[in-house]
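Participant: Generate a structure from the sequence data that follows.
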Amino acid sequence: MTGISPIPMKTAPVLLHAAALLFALAAPACAQEAGALRIPPDQWQYHAGDDMRCATVDNAGCAWQPHAPDTLNGNTIYWKRVEITLPEDLRKTPELGLLAGDKVLSFEVYVNGQVIGRTGGPGLSHTENGAGFFRFPSALAPDGRLVLAVRSFPQWRARILQSSQHYVVAPADQMQTVADAETMRYLRVNATHYLCFAAVGFAGFVFLLLYSVNPRLWENFWLALSLSAVAALRVVEIAPNVHVGLPLWLEAAIYLSANCLMPLFLIEFVFCFLNRPVPALLRVIQVLGLSDAYFAFGLPLPWFLNWIGIHGTPTAILIATLTQLLMLPACFRSKLPEMRWIGASVLFITVENAARMAKQLGLPSPTQDLLWHGYDVDIRGLSYLLFAMVMLIAMTFRLRRIQARNRKIEQEMAAARSIQQILIPDQLPQVPGLHIESAYLPAQEVGGDFFQVLPIPNQGDPDQPSAFIVLGDVSGKGLKAAMTVSLLVGTMRAFAETYRSPAELLTGLNRLLHGRADGFATCLALMVTPSGQLTLANAGHPNPYLNGAEISTEANLPLGLTPEVRYSEISLQLSPNQRFTLVTDGVVEAASATTRELFGFDRTQAISSQAASFIAETARAFGQGSPQADDITVLTIARSLLPA
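Facilitator: You can find the predicted model right below:
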């Protein structure tokens, strides 16, 4: 009676077992099922290596030890064995069932020297993950003496752990009921463990949502990956225990990537939070933590990484975990108060994970699990839950600090808008004999364009004053540009009457701006007399238009680049019924949302004889659907009122 394949249990829906996990918290402990014999984990004996004599009843020549071997190198196979006596009712049952306590390993099961089935092994598919039970006839144990031997095949060089679950022998027709009872027992004992990690996974989901709302905050992204990796490991752990089979390649991918990358995610999070680059030393050491993944996938390795991979996943994870300690000085030296809480919680989970890996390597370590009223309280789960709670508190403080900073910026922007509203007039001053129109469409709440109409006394005829008319564009946007505009406009208003020509005005503004601002400004300045005489000077600004024709000016440097600039002037006559038009480059550079074509100089010239509002709205409509790249400002001057 050999080679009997295990019969897989009915796969239960994941949501049903999630509900069972919550129900298990309040459920009473299950008593021994009638007619079922449970075999506790502490009754097994172990043998490292492959010796087929271990499958026999007498086990002659097969040396046993009371505990599971700490490590297995290469493709080493190991055995576990237990001897039991069947009760009378099970002896009379024609067919028995065996529920395996090992849920992840690939193994063969022997009863009194006869193989009754396997869940996988070398050269075999691994699809059931031990989540099945085996049938065998009670005739294999006629005297009631039953020797179970399990021959385990390690996959992906995973370390073999002593099973914490019971093997159960029961009548074959009752095995489904027994299996469900064992699942509920497992969920009840480990309920606090999985609920802690479920909360950690939910916290990771919250941080991922926060990152999706504001992708500039990369610390939310790395923290979400770190917490999600922890929760993903628990999915691999619980899946076979609730009979949700996962392919071996998926188990290995989750296990290796989560364990090897968690320290990397955490280090990235801390230094993103500090707004500092990760030190090169940490980058190098993190590679050591990935050695187990390299080894598992057969990649060529240096000898020291190869040694780490051969000596098992716990060694690689331990090295990767200990690298987290190197970032603690940066946490505790930070001026951010929440970084001390983050540093303390990182220290806690680092010590806890290191202690757990040390225990798996056979090194002295504190107790990792506590039994409390029938519940297995996992210190690791509590440490990660505490870490997630501290992260939520820390990120809440960070959010409040960002909000306070944003409120301060908003207040500064409101002040800048108020300044700009004063400096860019809604109503232009009346200049006898001239009709002046303006249109101003800022790209942001605070723009960098400016214009001024400054009447100046005419000594020959006080009732017919001349006027300085200035239109310009400051490099940059926002608050800094607004402050530069306020500097220029304030100077023009204070000293306009002392300047005798547009060139002299631009020279004074250039000296003022040089060395006092980071950027520069383009500017057109002109003086117009009651007779229509225009004198014009240009500091790197787009040329003006007279009745639809472009007026060529000398290409002088913008304001603020160098103090030694001489600005040239041109003169022309503005006749009645002519319109003189000045624009900023926001008109020319308006871009189509579909073709990315610029509005351009030709289109600007074609409509330059129109009203200021028409020119500005036409340029903005051309770029409809795409963000306005620059402020749009248009100023028109005429000697008499022209129809729009």
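
Participant: Could you give the separation between the terminal residues of stretch 568-584?
Facilitator: 20 Å (CA to CA, to the nearest Å).

Participant: 27 is where my numbering starts, stick with that
Facilitator: Okay, using 27 as the starting number, the last item reads as stretch 594-610.

Participant: so how far is that stretch from its chain's centroid?
Facilitator: Here stretch 594-610 is found 56 Å from its chain centre; the criterion is CA atoms, centre = their mean, to the nearest Å.

Participant: Next, the buried residues of that stretch.
Facilitator: Buried residues in stretch 594-610, counted by 16 or more other CB atoms under 10 Å: 595, 598, 600, 604-610. All C-beta atoms are positioned from the backbone trio N, CA, C, and that covers glycine.

Participant: Let me know the distance separating the closest residue to residue 599 other than its chain neighbours from residue 603.
Facilitator: Nearest non-adjacent residue to residue 599, counting by CB to CB, 6 or more residues apart in numbering: residue 558, 5.7 Å away. For residue 558, the distance to residue 603 equals 11 Å [CB to CB, to the nearest Å].

Participant: joint contacts of the two?
Facilitator: Overlap of the contact sets of residue 558 and residue 603 (by CB atoms under 8 Å, 6 or more residues apart in numbering) consists of residue 665.

Participant: OK, contacts around the closest residue to residue 600 other than its chain neighbours?
Facilitator: Nearest residue to residue 600, sequence neighbours excluded (CB to CB, 6+ apart): residue 558, at 4.0 Å. Applying CB under 8 Å, 6+ apart, we find residue 558 in contact with 459, 599-602, 665.

Participant: about what we covered before: from the buried residues of stretch 594-610, which is closest to residue 272?
Facilitator: residue 610 (62.9 Å; CB to CB).

Participant: where does the stretch 477-626 of the chain dip in pLDDT?
Facilitator: By pLDDT under 70, the low-scoring segments of the stretch 477-626 of the chain are 484-491, 503-505, 543-544.

Participant: ok, which stretches of it are helices?
Facilitator: Here the stretch 477-626 of the chain has its helices, by DSSP state H, counting those that start in this stretch, at 504-521, 528-539, 611-614, 626-632.

Participant: Redo those as TSV? Include distance to residue 435 and mean neighbour count.
Facilitator: Below are the helices of the stretch 477-626 of the chain laid out as TSV (distance: least, CB to CB, whole Å; neighbours: other CB atoms under 10 Å):
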stretch	distance to residue 435	mean neighbour count
helix 504-521	8	19
helix 528-539	25	22
helix 611-614	24	24
helix 626-632	34	16
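
Participant: got those helices as JSON lines, with distance to residue 482 columns?
Facilitator: Conversion of the helices of the stretch 477-626 of the chain to JSON lines gives the following (distance: least, CB to CB, whole Å):
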{"stretch": "helix 504-521", "distance to residue 482": "11"}
{"stretch": "helix 528-539", "distance to residue 482": "11"}
{"stretch": "helix 611-614", "distance to residue 482": "28"}
{"stretch": "helix 626-632", "distance to residue 482": "30"}
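
Participant: now for these, which one comes closest to residue 111?
Facilitator: helix 504-521 (84.4 Å).

Participant: Show me what that closest one is packed against.
Facilitator: Using 3 or more CB pairs under 8 Å, 6 or more residues apart in numbering; DSSP states H and E as the contact test, the elements touching helix 504-521 are helix 405-449, strand 475-482, strand 492-500, helix 528-539, strand 547-554.

Participant: And the strands in the stretch 27-176 of the chain, which stretches?
Facilitator: Applying DSSP state E, counting those that start in this stretch to the stretch 27-176 of the chain gives strands spanning 33-34, 63-65, 71-74, 104-111, 121-125, 132-137, 140-144, 158-163, 171-179.

Participant: just checking, what packs against the third one?
Facilitator: Spelled out, it's strand 71-74. Using 3+ CB pairs under 8 Å, 6+ apart, the elements in contact with strand 71-74 are strand 104-111.

Participant: Quick check: buried residues in the strand it packs on?
Facilitator: 104-108, 110.

Participant: Ok, stretch 365-384 next?
Facilitator: Neighbour count says stretch 365-384 has 365, 367-369, 371-372, 374-383 buried, by 16+ other CB under 10 Å.

Participant: Can you get me a residue count around residue 522?
Facilitator: 18 (other CB atoms under 10 Å).

Participant: Which other helices and strands does whichever strand or helix holds residue 385 contact?
Facilitator: In this structure, residue 385 is located in helix 363-386 according to DSSP states H and E. Helix 363-386 is packed against helix 274-299, helix 339-348, helix 354-359, helix 405-449, with contacts defined by 3+ CB pairs under 8 Å, 6+ apart.

Participant: burial measure for residue 621, as a count.
Facilitator: 7.

Participant: any weak-confidence spans in the stretch 277-426 of the chain?
Facilitator: 278, 311-343, 345-346, 386-388, 391, 393-401.

Participant: rerun at 50
Facilitator: 321-322, 324-337 (pLDDT under 50).

Participant: does residue 466 count as helix, strand or coil?
Facilitator: Classification of residue 466 using DSSP: H, G, I helix; E, B strand; the rest coil returns strand.

Participant: Please tell me how far it sits from residue 663.
Facilitator: Distance from residue 466 to residue 663, by CB to CB: 16 Å.

Participant: ok, back up a step: take the helices and strands packed on helix 504-521 and write them to JSON lines, including distance to residue 77.
Facilitator: Converted to JSON lines, the helices and strands packed on helix 504-521 look like this (distance: least, CB to CB, whole Å):
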{"stretch": "helix 405-449", "distance to residue 77": "35"}
{"stretch": "strand 475-482", "distance to residue 77": "88"}
{"stretch": "strand 492-500", "distance to residue 77": "85"}
{"stretch": "helix 528-539", "distance to residue 77": "90"}
{"stretch": "strand 547-554", "distance to residue 77": "88"}
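
Participant: Which one, of those, ends up nearest to residue 308?
Facilitator: Comparing the helices and strands packed on helix 504-521 by CB to CB, helix 405-449 comes nearest, at 19.2 Å.

Participant: How far off centre is that closest one?
Facilitator: So, by CA atoms, centre = their mean, the centroid of helix 405-449 is 17 Å from its chain's centroid.

Participant: tell me the angle that helix makes with helix 363-386.
Facilitator: 160 degrees (axes from the mean of the first three to the mean of the last three CA atoms, to 10 degrees).
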